[in-house]
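>>> The following comprises the amino acid sequence and a computationally predicted model.
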Amino acid sequence: MTNYRRVKIAGATYFFTVNCAERHGNHLLIDNIDLLRQVTRNVKNDHPFTIDAMVVLPEHLHCIWTLPEGDADYKTRWALIKAGFSRLIPLGEGRSESRIKRGERGIWQRRYWEHLIRDDLDYQRHVDYIHWNPVKHGWVTQVKDWPYSSFHVFVKQGRCPLDWAGEPEKMGDGRGM
């Protein structure tokens, strides 16, 4: 088995990408956005953390979390979110033999991507990436049009204008991170 090495620094800020197992044609996350919000809220109540920025797309999500001082356990939080959401979704997804043997659902990819935010510039680039992602994937033509994004909170807080990144050709494809 592969030995994954993850950076674990208590009280740090992390960027995450979490994918559904089935990516093509899947709208599970936005079709069940209220369940995802409920489960995330419940996990935050039991295991506090701050969601600095987040976007939920049909079959994957990106977010930035800041963990409390003295706490580096994002692994448990993700396990609880993924398991809690999976329990609320009716059975019916395809499952591989290995998932069946392990008693796993086929909703989420087993792994996720995590990145330790290094500094203010790194943080801002990842926030921008999160907010730009629905445009990058072609779900909308303007950031403001995607409803499942912390972008709207940033606008309400005066942290960016409603027309931020209003011209797609100026943003590029998001691979410059």
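That came in fine, so what should we check first? Computed from a prediction, not measured in an experiment: that's the story for all the values here.

>>> could you show me where the strands are in the protein, in order?
13-19, 50-56, 60-66, 113-116 (DSSP state E).

>>> Save the ones you listed as CSV, and put in distance to residue 132, mean neighbour count and mean pLDDT too.
All C-beta atoms are positioned from the backbone trio N, CA, C, and that covers glycine. Listed next are those as CSV, based on distance: least, CB to CB, whole Å; neighbours: other CB atoms under 10 Å; pLDDT from 0 to 100:
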stretch, distance to residue 132, mean neighbour count, mean pLDDT
strand 13-19, 14, 19, 97
strand 50-56, 9, 19, 98
strand 60-66, 10, 20, 98
strand 113-116, 16, 14, 96
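
>>> If I look at residue 59, what pLDDT would I see?
Looking at residue 59, its pLDDT stands at 95.

>>> sorry, that was for residue 108
Looking at residue 108, its pLDDT is 90.

>>> And for it, nearest residue in space, chain neighbours not counted?
residue 82 (4.8 Å; CB to CB, 6 or more residues apart in numbering).

>>> contacting residues for the one you found?
18, 107-108 (CB atoms under 8 Å, 6 or more residues apart in numbering).

>>> quick revisit: could the strands of the chain go into a markdown table alongside distance to residue 35?
As requested, the strands of the chain are arranged in a markdown table below (distance: least, CB to CB, whole Å):
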| stretch | distance to residue 35 |
| --- | --- |
| strand 13-19 | 15 |
| strand 50-56 | 11 |
| strand 60-66 | 13 |
| strand 113-116 | 23 |
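
>>> so which of these gets nearest residue 7?
For residue 7, the closest of the strands of the chain is strand 113-116, at 4.5 Å, according to CB to CB.
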